[in-house]
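Coordinates for the following, if possible.
(2 chains)
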Amino acid sequence: MSDTAMSAPADLAPARAPLDQDWRKVVNYGLVLGLALVFISLTGMPDGLNSRVIVEPWLSMGYLSLMWLPFAIGFAVTHEQVLEGMVQHKRGARELFAGAVVGLIGGLCLSLLVYLLDTRDLSDPLVNWNQPLLDFLTRDGSVGEGVLLWVGVSTALGLFGGLMRIVPALGSRLVRAVILTVVGAAAMEALIDDLSEGVWKLEGVVEWLYHPREGLEPAGAIALAIAAAFVVLWLGRQLKKGGAVYNLAREAQPLAVNAVSVVAVAAAAILLPIFLGRLTNDLLVNVGLFVLLALGLNIVVGLAGILDLGYVAFYAVGGYSVAILTSPTSPGISPTLPFWLAIFIVVGMATLAGLFIGAPVIRMRGDYLAIVTLGFGEIIRLTVRSDWASGLTGGAQGMLSIPGPDLNIGGWTLPLVGWTMPKLEVDLMGTNPQHILYVVMFFVAIAIYVSWRLENSRIGRAWMAVREDESVAEAMGINTVTAKLQAFVVGAILASFAGAVFAAKVGSIFESSFKILVSIVILVIVIVGGMGRIAGVVAGAFVLVGILGGPNQPGLMAEFSEYKLLIYGALLVWMMLKRPEGLIPNVRRSRELHQEEFLQDAWLRGEVDRDEAGSEATTDEGWAPA
Amino acid sequence: MTAAIRQRVRPRTAVDRFLTFLRFALTALVVFGLFAFLVQQFVGPDNPLTRFLNEDANRLDWDAFRGLLVSGLSQGSMYGLIALGYSMVYGVLGFINFAHGEVFMVGAMTGLITSNKLFEAGVWDDAFPVAILIAVLVSTICATLTAVLMERIAYRPLRGAPRLIPLITSIGVSFFIQNTSALLLGPGAKRYPLLPQWLRDDRGPTWLRIGGQKILVIVVAAAAMAALWYLVERTKTGKAMRAVAEDKEIASLMGIDVDRTIVTTFAIGGAMAGIAGILWGILFGSVTEFTGFLPGIKAFSAAVVGGIGNLGGAMAGGLTLGGSESLAPQLILEPLGVTGHTQLKDAVAFLVLIYVLLVRPTGLFGERLSAEDRA
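Residues are numbered from 1 along each chain as shown, chains lettered A, B, ... in the order given. Model (predicted):
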């Protein structure tokens, strides 16, 4: 908000002198930066991520895991909240100076760590207090070199962060684009490699970009940076225009999905898995499973506002139902049904489970509900694991040899016409990730369709009303109990689909795949992506599970597997504090969350009467753009 | 007349009927399980009913029962100590501090580091009371600091946000602390040094011989509880806390620094969790980064069982929960023929929570919440 406000009165006020600082703030931020740098170093993250190279000899993910911080905090320290009626100073040397000082303090803290690493031995409680960390921080040089390096780098990056406040918007967009492109290209090396394989000439380009071992070649990185800058500079304006046209079109006909785009997406979905290698397909299956789970939880948490922490229970119900019904070796009942028949029974089981877990908790307070559903999730897992239920579920030994779904759906005959669907002569059974990817995409398509249709239906509106204010919703004639139960059941069915596909994908099932951790990771995906917004949730699953990895699954950057849960925790806190509506927010949801601020801004601008602002939502001008 | 009105306000739905059924079913299960247990105990395990339910049922002897009861109570007193933190924070801020269990884990972890250092220095064996005092002090201070920092960084900016927002934040905090411990101190179980022999000896009259460390745990928990009671009921700080719990706005009009009182609440809850942490170390001898998670949730359950916001209730709820999760598998599940009943200990704890919320949602001893949370 401040960025828009700053442009107009900027030339009225002179720039402040570099030394005119809020020193306490600067020192505080510097110390926070220093603590964060030391903390990250001691978690072992830099050393562990060092093997992921971004630009071959120069930069690795390990160094980047420290270097982004001075930049970010140098940027943050120069942030000024500009409220209505406040004088906006012109930005200049003061911002640069503040950023540099913050970076310097942070660098000094890290240097202190380098010195202590060299002189003291604290490796008893702190496992990462060791020689590799010292070597990493000094780049195999002496302590003095390490100190100089970090003080210099951190100060420069802090300065750079401050610089971002001064340069016009285009400049910061350029920097963002270049950094994202280079880091993204390095992160997605495996994926790009896999995609380009066998494609005419592209393979050569990719080989030129990347170093034979790992990471980008310096020349490749520069080429990518130039390309990114070009896109921003020359195409930016065109893209903006295109975006505006797109938005206009969307506003005119919000629900119109034209047949062409559907066919195009479907065709891409059918062709894509063929061109992908085994690893990429596997990765996409994992992402797809979490998209499915997140879409389901999105209905429960995002639309109906029920914080279900035991969502993994339904995932387990789906997985175990499929395992029992299809595996020839399941210990108790073993009907060895085909997957597609079992799915119908799974839907029934999930509905029952949704009703059974939903009914007792539905009248509880929101936070009690969270803990009780978490309890249900654990009860189901513990029961499945126990000897008592092992006659049915295999207990801690789990169940093996679950056949995959048969994709060859031919072979049946239309009764009256006598036409037989041709049966393909290829083996489409089993747990090949390529085939499972089709199954996942099928269910994800169902989930997206269902979420999209429900969101704009009577039920969906009832859910949102319940989320916003339960008593008001009830007064408006909504049966809140039914509405919440419906959300529970729909969410349960989507999760059970994910469970079914998961069981078929892995070919075996163990209770350890259904820990509370899974529920929480799904929650992180929904919240980071954007509660209540389908695109946000899908993007969240792609970014988090695809790049960092799911609770038990590695992502594109397998190096993160040790640290991803820490990152998820930090991300959850940060999102709740700074952007509770998520990265790609649902407009209505973010209005709910920022209602007070919007109304206050509107009142300050004189657009709303104060009394009115307190009581009732106002005209659309009252809301700032989301 | 009134019945008719109530009927119109909320008609009995299928959900209500299901809940009634669930209440009766769970009660019947408990009653029948206890009945089967009594039959097994007093008629002897060879009667037809017991044999029908569980082919290899055995009579539970007094020693085994006493062992279960004492370990249940000592664990329960720890749950009670942790539950105090949940209860106080819920009373004052109206949200579940999901990360409170991690404060307990931090207490246990720092206690472990301190006692290992003391063990290396030889203080642990030579002067155990001094060593344990230092360890308690260090872990209490660290746990308190964790709780206060948590409040400052994660919860204070969210004052006044919808109730679920701080809850989700606290889940993130819990995750963060758990993994911080795993990354900084290394994953996996870490062992406390062995307690001196004189402490581990069984004590008490012959019919009631109890392991010394269990006595220590119960005594320390009782002492901490008494100190807390004095603090909350008899001092000015306690008065301020109760006032803030009742109504923040009016409390601040009366000249109470609400922010400071909230920090104090977190600090006291953290201190209790820190003491509980070191007691855990004494009782079980090992700590992992996940130590805080389940006991934390169980302690919250204990707070709800006792009536949230009610400090005496939190302690009583802790003892109830600890006792029932320790005894119920033997007393109810085994006579009913559930094999491997000890594996279901944690499930029993959650079932107790669900049962209490179904039958008496305000907890056994009634909740004490501020006017705005009493919805």
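
Contacts only, for residue A:109.
A:30, A:31, A:33, A:34, A:35, A:37, A:38 (CB atoms under 8 Å, 6 or more residues apart in numbering or on different chains). (Glycine included, C-beta is placed from N, CA and C.)

okay, the residues you listed in CSV with neighbour count next?
Below are the contacts of residue A:109 laid out as CSV (neighbours: other CB atoms under 10 Å in any protein chain shown):
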residue, neighbour count
A:30, 26
A:31, 15
A:33, 28
A:34, 25
A:35, 12
A:37, 26
A:38, 17
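
and residue A:275, how many neighbours does it have?
Applying other CB atoms under 10 Å in any protein chain shown, we find 14 residues neighbouring residue A:275.

Hmm, residue A:195 and it touching each other?
Yes: here residue A:275 lies in contact with residue A:195, judged by CB atoms under 8 Å, at a distance of 6.8 Å.

Might you list the low-confidence residue ranges for chain B?
B:1-11, B:370-375 (pLDDT under 70).

now the strands for it?
All strands of chain B, identified by DSSP state E, fall at B:190-191, B:202-203, B:210-211, B:286-287.

The first one close to chain A?
No: in this structure, strand B:190-191 remains apart from chain A according to CB under 8 Å from any CB of the partner chain; the gap is never smaller than 9.5 Å.

which residues sit against that strand?
Outside strand B:190-191, the residues touching it (CB under 8 Å, 6+ apart) are B:109, B:112, B:285, B:286, B:287, B:288.

now the second one
Applying CB under 8 Å, 6+ apart, the external contacts of strand B:202-203 come out as B:209, B:210, B:211, B:212, B:215.

measure residue A:283 to chain B for me?
From residue A:283 across to chain B, the span is 23 Å (CB to the nearest CB, to the nearest Å).

circling back to that earlier point, adding distance to chain A and neighbour count, write the contacts of strand B:202-203 out as JSON lines.
Shown next, in JSON lines, are these (distance: CB to the nearest CB, whole Å; neighbours: other CB atoms under 10 Å in any protein chain shown):
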{"residue": "B:209", "distance to chain A": "31", "neighbour count": "14"}
{"residue": "B:210", "distance to chain A": "29", "neighbour count": "19"}
{"residue": "B:211", "distance to chain A": "27", "neighbour count": "20"}
{"residue": "B:212", "distance to chain A": "28", "neighbour count": "18"}
{"residue": "B:215", "distance to chain A": "30", "neighbour count": "16"}
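
residues in contact with residue A:554?
With CB under 8 Å, 6+ apart, residue A:554 has these contacts: residue A:561.

Which residues does it form beta bridges with?
Here residue A:554 sits in beta bridges with residue A:549, as judged by DSSP bridges.

And for the one residue in the stretch 301-450 of chain A that gets nearest to chain B, the neighbour number?
Residue nearest to chain B within the stretch 301-450 of chain A: residue A:387 (3.0 Å; CB to the nearest CB). Residue A:387 has 15 neighbouring residues, counting by other CB under 10 Å.

give the contact list for it.
A:395, B:339, B:340, B:343.

circling back: minimum distance to residue A:357: which of the strands of chain B has it?
Closest to residue A:357 of these, according to CB to CB: strand B:286-287, at 32.4 Å.
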